[in-house]
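Asks: can't give you the sequence, but here's the structure:
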């Protein structure tokens, strides 16, 4: 009686071992399963609407892949261009048709890989390539300023080759404009008008920043029969943080580098009727010699305010002719009263020092003047006079954004003033 349980136990274990072995044998013998077969050529099972034989597809039309007959279906479609960008699309639930949902790029070459299966579940595959016709209208971008080293206030500019008015098209363009920096900054684009955008960070660029700008527009559909074209990228570096603060009421300019005062200069600014503009300006350029005439700002020749003088060490801050420059004729008034026609004047020695210690993109801010506020756009770079919230609303990507416009054509009227 005591042996019986032992015998049963042995038999049970033997049966279990046989069951496992049989199961393993069944799995090992699955080489004939349809899914384990090499995919067959599905050329006769699918059709597509892209032309072959050197003909170009119309990028305005979607790509379609369809299953022929009733003996199979499409299981997947992957379409990529030469840069590896995927073309989005949708496959019907029955696997009979795949259709692209994103616009094809113009002048692009696509590789399309189609996976299928027949009624028995055997997999098939088909790969084909095609090219799209080039754009008849190509939108390009020219970035500014020129490559080089700039101050912390320098905006990035983007000038389009043709106007873009539609907000949806603007959003496409804006998404394609890439600004990358080291260190990274929080920044954004602002549509100045239909052809011009400016980019600035939320705060001034950090000193020493490396900036790269590019447009991923080439071949991209922007609007109705309008596609992007190739654009040249841009690289900039940012120098020290140099800021000049001019107190028009105190007749003094304080210059800082990286937060430390490096010079205090007695100055004279615009007299009544010619008051210097308040606000933040950005150095546009430097000219060792400029001939300044009163007639350029509407002063009648021969009148009491008329002038025609050679001016040296002139640092430009507006396109209309406002400079920081040498004014040896007003040294007695510098630090005491405002006697200029809108410019910030100082001694020749101080002007030479200022000229040598600033670069384009540096900040020049004027406070306590009776003049109007610096224009945001059109007369230089007054970009920093907009709050960050208002700046963001100039983006086509902001839901409640406005449609900004420039105040005047930049560089249209170069009117030097003293």
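Replies: Perfect, thanks for sending it. Quantities reported herein were computed from a predicted structural model and do not represent experimental measurements.

Asks: okay, CA-based contacts and neighbour counts for the rest of this
Replies: OK.

Asks: mind showing which ranges of the stretch 251-400 of the chain have poor pLDDT?
Replies: 294-300, 302-308, 399-400 (pLDDT under 70).

Asks: Contacts only, for residue 258.
Replies: Going by CA atoms under 8 Å, 6 or more residues apart in numbering, residue 258 touches 207, 240-242.

Asks: For residue 75, give me its contacts.
Replies: For residue 75, the contacting residues are 95, 114-117, by CA under 8 Å, 6+ apart.

Asks: 6 Å - rerun?
Replies: By CA atoms under 6 Å, 6 or more residues apart in numbering, the residues touching residue 75 are 115-116.

Asks: and it, helix, strand or coil?
Replies: Put simply, residue 75 is strand when judged by DSSP: H, G, I helix; E, B strand; the rest coil.

Asks: nearest residue to residue 47 other than its sequence neighbours?
Replies: Nearest-residue entry for residue 47: residue 66, 5.2 Å, with adjacent residues in sequence omitted and distances by CA to CA, 6 or more residues apart in numbering.

Asks: Please compute how far the helix or strand hosting the one you found lies from its chain's middle.
Replies: Element membership for residue 66, per DSSP states H and E: strand 64-67. Remark: strand 64-67 is offset 37 Å from the chain centroid, using CA atoms, centre = their mean, to the nearest Å.

Asks: And stretch 343-356, by the same measure?
Replies: With CA atoms, centre = their mean as the basis, stretch 343-356 stands 36 Å off its chain's centre.

Asks: quick thing: my sequence starts at 48, can you match it?
Replies: Let's use 48 as the start, then, which means that last one is stretch 390-403.

Asks: Please narrow the contacts of residue 305 to those residing in strands.
Replies: Of the positions in the contacts of residue 305, residue 289 sit in strands, assigned by DSSP state E.

Asks: okay if I get the contacts of residue 305 as a markdown table plus distance to residue 207?
Replies: Listed next are the contacts of residue 305 as a markdown table, based on distance: CA to CA, whole Å:
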| residue | distance to residue 207 |
| --- | --- |
| 254 | 29 |
| 287 | 31 |
| 288 | 30 |
| 289 | 31 |
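
Asks: Reformat the contacts of residue 305 as CSV; add distance to residue 198 and neighbour count.
Replies: As requested, the contacts of residue 305 are exported to CSV (distance: CA to CA, whole Å; neighbours: other CA atoms under 10 Å):
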residue, distance to residue 198, neighbour count
254, 8, 17
287, 7, 21
288, 7, 23
289, 7, 24
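
Asks: Quick check: bridge partners of residue 372?
Replies: residue 392 (DSSP bridges).

Asks: For it, give me its contacts.
Replies: Counting by CA under 6 Å, 6+ apart, residue 372 has contacts 360-361, 392, 398.

Asks: what's the nearest residue to the spatially most central residue of the chain if we skip its chain neighbours?
Replies: Geometric centre of the chain, nearest residue: residue 224, 2.9 Å, by CA atoms, centre = their mean. Ranked by CA to CA, 6+ apart and with sequence neighbours excluded, the top spatial neighbour of residue 224 is residue 262, at 4.6 Å.

Asks: Relative to residue 93, how far out is the one you found?
Replies: 37 Å (CA to CA, to the nearest Å).

Asks: ok, which stretches of the stretch 198-347 of the chain are strands?
Replies: Using DSSP state E, counting those that start in this stretch, the strands found in the stretch 198-347 of the chain span residues 203-207, 224-229, 234-238, 243-248, 257-262, 268-270, 273-275, 281-285, 289-294, 299-304, 307-313, 326-329, 332-340.

Asks: for stretch 419-429, how far is the first residue from the last?
Replies: Stretch 419-429 has an end-to-end distance of 12 Å (criterion: CA to CA).

Asks: Can you give me the buried ones in it?
Replies: Buried residues in stretch 419-429, counting neighbours by 16 or more other CA atoms under 10 Å, are found at 420-429.

Asks: coming back round to it: if you count surrounding residues, which of residue 262 and residue 93 has more?
Replies: Taking neighbours as other CA atoms under 10 Å, residue 262 and residue 93 compare with residue 262 leading, 24 against 21.

Asks: how much space between that one and residue 204?
Replies: Using CA to CA, residue 262 is found at 12 Å from residue 204.

Asks: so what's residue 273 up against?
Replies: residue 184.

Asks: switch the cut-off to 10 Å
Replies: 107, 153, 182-186, 211, 216, 266-267 (CA atoms under 10 Å, 6 or more residues apart in numbering).

Asks: Closest to residue 302 out of those residues?
Replies: Ranked by distance to residue 302 (CA to CA), the contacts of residue 273 are led by residue 211 at 40.9 Å.

Asks: does the closest one really touch residue 242, like I thought?
Replies: Yes: counting by CA atoms under 10 Å, residue 211 does reach residue 242; the two are 6.4 Å apart.

Asks: Next one, pLDDT for the residue nearest to residue 94 please.
Replies: With respect to pLDDT, residue 113 has a value of 95.

Asks: If it is in a bridge, with which residues?
Replies: residue 94, residue 144.
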